[in-house]
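*Asks:* only the shape, not the letters, is given here:
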């Protein structure tokens with residue numbers, strides 16, 4: 001007669017019961033190791049620090065060649081009498097010092113203005129000047145000095161060129177952390193009578209190791 005063995009399941013249960021009766025217990029200890037990293041990012045930031053215009057409410061209107069022979073390329077002398085007619089004001093936005101507001105009041109065709117402006121790298125990382133944007137509030141910009149496709153022509157002159165690097169202020173000796181340039185404008189023939197023109201000037205800065213276009217810089221800026 002063939003002898004029948006003990007089923008495997010029954011044998012396993014028996015072993016567990018025997019271990020329990022003998023006071024033997026089994027447990028699994030485990031441990032996890034965690035690396036906790038901390039990265040504090042820098043800040044790309046800048047702000048306008050000053051703006052001074054050649055024409056003030058109580059001053060005579062400037063003539064082109066009195067200040068800059070470059071804005072008007074034709075070279076004729078300005079011999080007409082200077083009068084106190086138009087005025088230009090420049091204000092740094094109180095809530096966002098990255099924006100500068102310029103206003104041309106009682107301007108007239110061929111009225112010219114110049115504002116000396118300054119801004120500083122107030123962030124914590126070096127930046128370079130990607131470019132400048134002029135945002136008219138209530139008019140169309142002229143494409144060139146003397147062109148009739150807009151009310152006012154605006155551009156900047158001098159100062160570190162686009163791409164210049166600025167260190168965080170205060171910068172070590174021998175390095176730049178501030179930029180200055182001349183913002184000039186010319187009222188063109190299509191300008192309307194009894195009208196006040198407003199426009200904003202924005203300088204777009206990007207971290208020194210990136211090279212975005214001005215459009216990309218403006219989109220990425222908060």
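*Replies:* Received the coordinates, thanks. Just so it is clear, the model here is predicted, and its values are computed rather than measured.

*Asks:* which stretches of the protein have low pLDDT?
*Replies:* Counting by pLDDT under 70, the ranges of the chain that qualify are 1-27, 57, 64-80, 158-163.

*Asks:* just the helices from this protein, written as ranges.
*Replies:* 8-21, 64-67, 214-220 (DSSP state H).

*Asks:* show me where the chain has strands.
*Replies:* Along the chain, the segments classed as strands by DSSP state E run 46-53, 87-92, 99-105, 112-121, 127-136, 152-157, 165-166, 178-187, 197-207.

*Asks:* residue 153 against residue 190, yeah?
*Replies:* No - between residue 153 and residue 190 there is no contact under CB atoms under 8 Å: 11.0 Å. Using the backbone N, CA and C atoms, a C-beta is placed for each residue, glycine as well.

*Asks:* could you check which of the two is surrounded by more residues?
*Replies:* Counted by other CB atoms under 10 Å, residue 153 and residue 190 do not tie: residue 153 has more neighbours, with 21 against 15.

*Asks:* out of the strands of the chain, nearest to residue 28?
*Replies:* Checking the strands of the chain against residue 28 by CB to CB gives strand 197-207 as the closest, at 50.0 Å.

*Asks:* return the distance of that closest one from the chain's centre.
*Replies:* Put simply, strand 197-207 sits 7 Å off its chain's centre (CA atoms, centre = their mean, to the nearest Å).

*Asks:* any buried residues in it, and which?
*Replies:* 197, 199, 201-206 (16 or more other CB atoms under 10 Å).
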